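Enquirer: Sequence unavailable; structure follows:
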Ligand SMILES: N[C@@H](CCC(=O)N[C@@H](CS)C(=O)NCC(=O)O)C(=O)O
C-alpha cells in the first residue's frame, strides 16, 4: 500500500497530483509542514529532514517530491514517464533545474511578500528571491516558446514537476512570460491537477 505523508498545502501537492494522474489508491497522512507530526520520532525515522512529502510504498521509503513523482510514474509504467532516453534526461534536467533555480526562491518570495503574517516578513529575503526569479522564468519561457511540453511531444512528469512547483505562479503576474503562463494554465487544467488543487484549497 502506498502512504503519502504531507499536506496538499505543501510540496506534497505535487505527489498528490501524480497519484491522481496515475489513478493510485493511497493512504494520506495529511500533515502540515513543521507540524508536530513532522517532528515525531516515527516520522524522523522515515525522513530525517522532517520535511514533506515522504512516501512509503510497501516498505520502500522515499522523500524529495521530484524523485517521488519520477519513481511512481516509472513504477506504474505510465506514459507520463518518458521512455526515450533523451526525453527522460530532459525530465531529470527540468526537475533538477526547478529545484535549483525556482523552488525555494518562489516560496520565499510569496511568503515574504504576503503569505506570512506581516511581523514575520523579511523584505531582504523577498528581494533576494526576486533577484533570481525573472531570469529563471525567462529560461523557462524561452524553452516553452519552442516546444509545447518540456520533455517530448506530450505532457510528462517533467511538466508536472515544474508546473506543480510553480503553483504559486498561478497567482502571480506572468505577463512577462506568456509561454509560461499559457503552459502553466494548460498543465493545471488537467483533471488530476484540479483534484490536487481542490485538496489544497479545501
Ligand atoms: N526539496 C524538498 C523540499 C521539501 C520541503 O522543504 N518541504 C517543506 C514544505 S513545502 C517542509 O516540509 N518544510 C518544513 C521545514 O522547513 O521544516 C522536496 O521537494 O520534497
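Expert: In hand now; what should we look at? What you are looking at is a predicted structure, and each value in this text was computed from that prediction instead of being measured.

Enquirer: what is the mean pLDDT for whichever helix in the chain runs longest?
Expert: With secondary structure taken from DSSP state H, the chain has its longest helix at helix 123-146. The average pLDDT within helix 123-146 is 97.

Enquirer: Tell me which helix or strand comes right after that helix.
Expert: Downstream of helix 123-146, the first helix or strand assigned by DSSP states H and E is helix 157-165.

Enquirer: Compute the inter-axis angle for that next one and helix 123-146.
Expert: Counting by axes from the mean of the first three to the mean of the last three CA atoms, to 10 degrees, helix 157-165 lies at 150 degrees to helix 123-146.

Enquirer: which other residues reach helix 157-165?
Expert: 11, 13-14, 17-18, 21, 65-66, 69-70, 73, 80-82, 87, 90-91, 93-95, 97-99, 102-103, 106, 140, 149-151, 183-184, 187-188, 193, 196 (CB atoms under 8 Å, 6 or more residues apart in numbering). For every residue, glycine as well, the C-beta is placed using N, CA and C.

Enquirer: Please list only the buried members of these.
Expert: Using 16 or more other CB atoms under 10 Å as the burial test, these include 11, 13-14, 17-18, 21, 65-66, 69-70, 73, 80-82, 87, 90-91, 94-95, 97-99, 102-103, 106, 140, 149-151, 183-184, 187-188, 193, 196 as buried.

Enquirer: So which bits of the helix or strand containing residue 62 are buried?
Expert: Per DSSP H and E: residue 62 is located in strand 60-63. Neighbour counts over strand 60-63 (16+ other CB under 10 Å) mark 62, 63 as buried.

Enquirer: and if you look at stretch 183-202?
Expert: Residues of stretch 183-202 classed as buried: 183, 184, 187, 188, 190, 192, 193, 195, 196, 197, 199, 200 (neighbour count, 16+ other CB under 10 Å).

Enquirer: For the fifth one, give me the pLDDT.
Expert: Put plainly, it is residue 190. 98.

Enquirer: That one and residue 183 touch, don't they?
Expert: No. Contact between residue 190 and residue 183 fails when scored by CB atoms under 8 Å: they sit 11.9 Å apart.
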